[in-house]
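*Asks:* curious how this folds, go ahead:
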Amino acid sequence: MLSDEKSEIIRAFGLLATDYAPGSFYHGIPHPAIVVINAQGVISHRFSERRYTDRPEVDDVLVALKRDAKS
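*Replies:* Got it, this is the predicted structure:
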């Protein structure tokens, strides 16, 4: 969980939902995402959706991470 009042990190990760105009209560919210950062500080996986009502399925994320760990 991350608090990002000015949406700076949300923008840096390309997750800003642009459907809401400045001044809207929802302006600055992110698309739902799970970002996995490896021990070297590099993003190794990104799971994201474009609708706020959709969420990455945790089971799908775990399967992908386990599969990639074996490769």
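*Asks:* nearest residue to the middle of this structure?
*Replies:* Using Cα atoms, centre = their mean, the residue of the chain that lies closest to the mean C-alpha position is A33, 2.4 Å off.
*Asks:* my read: that residue touches H45, true?
*Replies:* No - in terms of Cβ atoms under 8 Å, A33 does not count as a neighbour of H45; the distance is 10.4 Å. In short, each C-beta sits where N, CA and C put it, glycine included.
*Asks:* and the helix or strand where L62 lies, how far out from the chain's middle?
*Replies:* Secondary structure here is read from DSSP states H and E; on that basis L62 sits in helix 58-70. Distance, stretch centre to chain centre, for helix 58-70: 16 Å (Cα atoms, centre = their mean, to the nearest Å).
*Asks:* for that helix, name the packing helices and strands.
*Replies:* Packed against helix 58-70 by the contact rule (3 or more Cβ pairs under 8 Å, 6 or more residues apart in numbering; DSSP states H and E) you find strand 43-48.
*Asks:* how about the strand it packs on: buried residues?
*Replies:* Going by neighbour count (16 or more other Cβ atoms under 10 Å), the buried part of strand 43-48 is 47-48.
*Asks:* any idea of the angle it forms with helix 58-70?
*Replies:* Comparing the axes of strand 43-48 and helix 58-70 via axes from the mean of the first three to the mean of the last three Cα atoms, to 10 degrees yields an angle of 160 degrees.
*Asks:* adjacent strands (with direction) for strand 43-48?
*Replies:* strand 33-37 (antiparallel) (DSSP bridges).
*Asks:* for the strand it pairs with, buried residues please.
*Replies:* Neighbour-count burial for strand 33-37 [16+ other Cβ under 10 Å]: I34.
*Asks:* ok now it, how far from the chain's centre?
*Replies:* The gap between the average C-alpha position of strand 33-37 and the chain average comes to 6 Å, counting by Cα atoms, centre = their mean.
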